[in-house]
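This is the structure alone, sequence omitted:
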RNA sequence: GGUCCUGUGGCCGAGUGGCUAGGCAGAGCUCUGCAAAAGCUCGUACAGCGGUUCGAAUCCGCUCGGGACCUCCA
């Protein structure tokens, strides 16, 4: 068994993974800001980390997977003024901010469930950890890396950078960063143009505010993740993840905050997932090129030619490495849909073969047998190489003809050994269900429909027996119009699938 | 301007210095009452130009083209 290697954004190279505590993994992933619906790009990140979480579990680790819900604090613009997103949305929808939070949190969970993402083991909210955040800000102030001006506390980036490299995560020098920053506007009070707020003074009319040593206010944009990861995973933990877009600001600031507070880098491995694009441009809320999962599942969007099932989308994402951009297109989705169907049907064939398999090891084709073993072994090898799901799928697809040939009779079942067959079945099952989190998406009630289908198949069989092909074709054709496909197989059996 | 990523056959997409990625689409064949499915066979791709090397799509340089981040965003 090869060792797991992870691409660490912090060092910009693949590194062997060694947890702080053998057998345990602590992983923090930046979750959604619940002031609006998550779009497909957001989902990609959470699906990527779901696979990573599942793979660690598959490897036998006990994983504490913390993914936050940001339900306070984020401001609309890039200045420390104006309203937060929740208050704005609340006024727009004529709801309490916490109703907004509840609404979109529930929606988020629903979407995660549809994509078959496992829930994290802890899902803390920012508003539930105000006191922890205040404590952390106090600590940073005490350590001298922050200053207060009129009820707002800022992090002093330039002072911090004298001791530790602020731009370490994205490999940037402070001078370059300063150059790229826009001029301070006259109304801003912070000292350095890179300084960011840890705690923000609230205006009286502000809907979400809490008491603090600096007066009524609310937490800054980045402190919640530092406070909550510290609380649940410790000052230092194994993995911190999130979308690539968070690296330059949010994660950079998180590192600075944790270092300033605990004198320790928070995470040992940083994993960043790449963006989902549409026509080459990043899908984002502000660009307005985002699909909501609901639109995807119903096909109700101008850019969508048809509806796509959640598992199709999940499979689509699995075919690309998490660090590559993935471009959305109808063509790509449709090819994924067909590919998944083929893979899943092969898996079902494998299940059936498993039930009837009683063949002895007599005519084993050693070439075929060892090739199968190699391919199965490559599942783990590929995943160990920075979670290369695309490679695993390629191996699975290479095994599909083997499975289908045994089923179809082109290859005798005893050409592969019992041990190989069992391993094939076992690894297919584990990978499809447990590691990749795919599930059968048959939209039919298999109980009743299966009975009716048996009846129709029987009638058609009788018609064919007396060469009444007009009846048999009628049954098949009309079923097809209902989206049910009949397949006459070699051995005389008839199978059916819902399109 | 700075920091990076990237350019693979019709489309989508893995990838290692020399050995078939894979999916979808397409062509032929087998099976079949017909179809569908399945099986078998087929494309010898790696932006361009140089260099390193016995050998490079894979390493280096240059050119051209995409993209991300540097402002809230997964």
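Yep, it's here. In this text the structure is predicted, and so the values were computed from the model without any measurement. Numbers count the residues shown, from 1 in each chain, chains lettered A, B, ... in the order given.

tell me the phi and psi of the residue of chain A found nearest RNA strand B?
Nearest to RNA strand B, among the residues of chain A, is residue A:243, at 1.8 Å (C-beta to the nearest atom of the strand). In short, each C-beta sits where N, CA and C put it, glycine included. Backbone torsions for residue A:243, taken as degrees, to the nearest 10, come to phi -70, psi 150.

mind listing what's buried in the longest helix along chain A?
Ranked by number of residues, the top helix in chain A under DSSP state H is helix A:330-356. For helix A:330-356, the neighbour count (16 or more other C-beta atoms under 10 Å) marks A:333, A:336-337, A:339-340, A:343-347, A:349-350, A:353 as buried.

same thing with stretch A:53-68?
Buried, per 16+ other C-beta under 10 Å, within stretch A:53-68: A:53-57, A:59, A:61, A:63-68.

ok so, going back, can you list the buried residues of helix A:330-356 in a markdown table and add pLDDT and distance to residue A:410?
Putting those into a markdown table (pLDDT from 0 to 100; distance: C-beta to C-beta, whole Å) gives the following:
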| residue | pLDDT | distance to residue A:410 |
| --- | --- | --- |
| A:333 | 92 | 31 |
| A:336 | 93 | 27 |
| A:337 | 92 | 26 |
| A:339 | 94 | 21 |
| A:340 | 94 | 23 |
| A:343 | 95 | 19 |
| A:344 | 94 | 20 |
| A:345 | 92 | 16 |
| A:346 | 94 | 14 |
| A:347 | 94 | 18 |
| A:349 | 92 | 13 |
| A:350 | 93 | 16 |
| A:353 | 88 | 14 |
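
near RNA strand B, which of those residues show up?
Among the buried residues of helix A:330-356, the residues within reach of RNA strand B (C-beta under 7 Å from any atom of the strand) are A:336, A:339, A:345, A:346.

Not counting residues beside it along the chain, what's closest to the last one?
Yep, that's residue A:346 we're talking about. residue A:400 (4.3 Å; C-beta to C-beta, 6 or more residues apart in numbering).

Can you name every helix or strand that the helix or strand harbouring residue A:88 contacts?
Residue A:88 belongs to helix A:85-93 when assigned by DSSP states H and E. Counting contacts by 3 or more C-beta pairs under 8 Å, 6 or more residues apart in numbering; DSSP states H and E, helix A:85-93 is packed against helix A:97-114.

Helices of the stretch 201-350 of chain A, start to end?
Counting by DSSP state H, counting those that start in this stretch, the stretch 201-350 of chain A has helices at residues A:223-233, A:252-262, A:293-298, A:310-318, A:330-356.

Packing partners of the second one?
Going back to what we said before, that points to helix A:252-262. Helices and strands touching helix A:252-262, as assessed by 3+ C-beta pairs under 8 Å, 6+ apart, comprise helix A:130-142, strand A:152-155, helix A:157-163, helix A:223-233.

starting at the chain centroid, how far to that helix?
26 Å (C-alpha atoms, centre = their mean, to the nearest Å).

And for the third one?
For helix A:293-298, the distance between its averaged C-alpha position and the chain's averaged C-alpha position is 17 Å (C-alpha atoms, centre = their mean).

The fourth one too?
Remark: helix A:310-318 is offset 11 Å from the chain centroid, using C-alpha atoms, centre = their mean.

Tell me how many other residues crowd residue A:450.
Neighbour count for residue A:450, taken as other C-beta atoms under 10 Å: 12.

Equivalent analysis for residue A:91, please.
13.

where does the stretch 301-450 of chain A dip in pLDDT?
A:357-360, A:442-448 (pLDDT under 70).

helices or strands next to the helix or strand containing residue A:380 in the packing?
Secondary structure from DSSP H and E places residue A:380 in helix A:366-384. Using 3+ C-beta pairs under 8 Å, 6+ apart as the contact test, the elements touching helix A:366-384 are helix A:389-408, helix A:418-429.

a markdown table for the ones you listed, including mean neighbour count?
Converted to a markdown table, these look like this (neighbours: other C-beta atoms under 10 Å):
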| stretch | mean neighbour count |
| --- | --- |
| helix A:389-408 | 18 |
| helix A:418-429 | 17 |
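
Distance to RNA strand B for the ones you listed - can I get that in TSV?
Formatted as TSV, those follow (distance: least, C-beta to the nearest atom of the strand, whole Å):
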stretch	distance to RNA strand B
helix A:389-408	3
helix A:418-429	14
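
Could you provide those helices in CSV, with additional columns for distance to residue A:253?
Converted to CSV, the helices and strands packed on helix A:366-384 look like this (distance: least, C-beta to C-beta, whole Å):
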stretch, distance to residue A:253
helix A:389-408, 31
helix A:418-429, 42
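
sorry, back to before: state the pLDDT value of the residue of chain A closest to RNA strand B.
The score at residue A:243 is 93. That number is its pLDDT.

Next one: it from residue A:387, what distance?
Distance, residue A:243 to residue A:387, by C-beta to C-beta, to the nearest Å: 16 Å.

now swap in residue A:288 and tell me
31 Å.

Can you pick out the residue with more neighbours from those two?
Neighbour count, other C-beta under 10 Å: between residue A:288 and residue A:387, residue A:387 has more, with 24 against 7.

Specify the local secondary structure of the more buried one.
coil (DSSP: H, G, I helix; E, B strand; the rest coil).

Quick check: it touching residue A:54?
No: the criterion here is C-beta atoms under 8 Å, and residue A:387 misses it with residue A:54 at 10.2 Å.

Name the nearest residue to residue A:352, ignoring sequence neighbours.
In space, residue A:352 is closest to residue A:407, 7.2 Å off (C-beta to C-beta, 6+ apart).

How about the contacts made by that neighbour?
Residue A:407 makes contacts with A:349, A:352, A:353, as judged by C-beta atoms under 8 Å, 6 or more residues apart in numbering.

of those, closest to residue A:326?
Residue A:326 lies nearest to residue A:349 out of these, by C-beta to C-beta, at 29.5 Å.

residue farthest from the centroid of chain A?
Residue distances from the centre of chain A (C-alpha atoms, centre = their mean) peak at residue A:466, which lies 54.2 Å from the mean C-alpha position.

Excluding covalently adjacent residues, which one is nearest to residue A:259?
Per C-beta to C-beta, 6+ apart, closest to residue A:259 is residue A:164, 5.5 Å.

Give me the three-state assignment for the nearest residue to residue A:233 once chain neighbours are set aside.
Among residues not flanking residue A:233 along the chain, residue A:26 sits closest, at 4.1 Å (C-beta to C-beta, 6+ apart). When classified by three-state DSSP, residue A:26 comes out as strand.

Within the helices and strands, which one has residue A:7?
strand A:5-8.

what sits up against that strand?
A:13-17, A:239, A:268-271, A:323, A:384-387.
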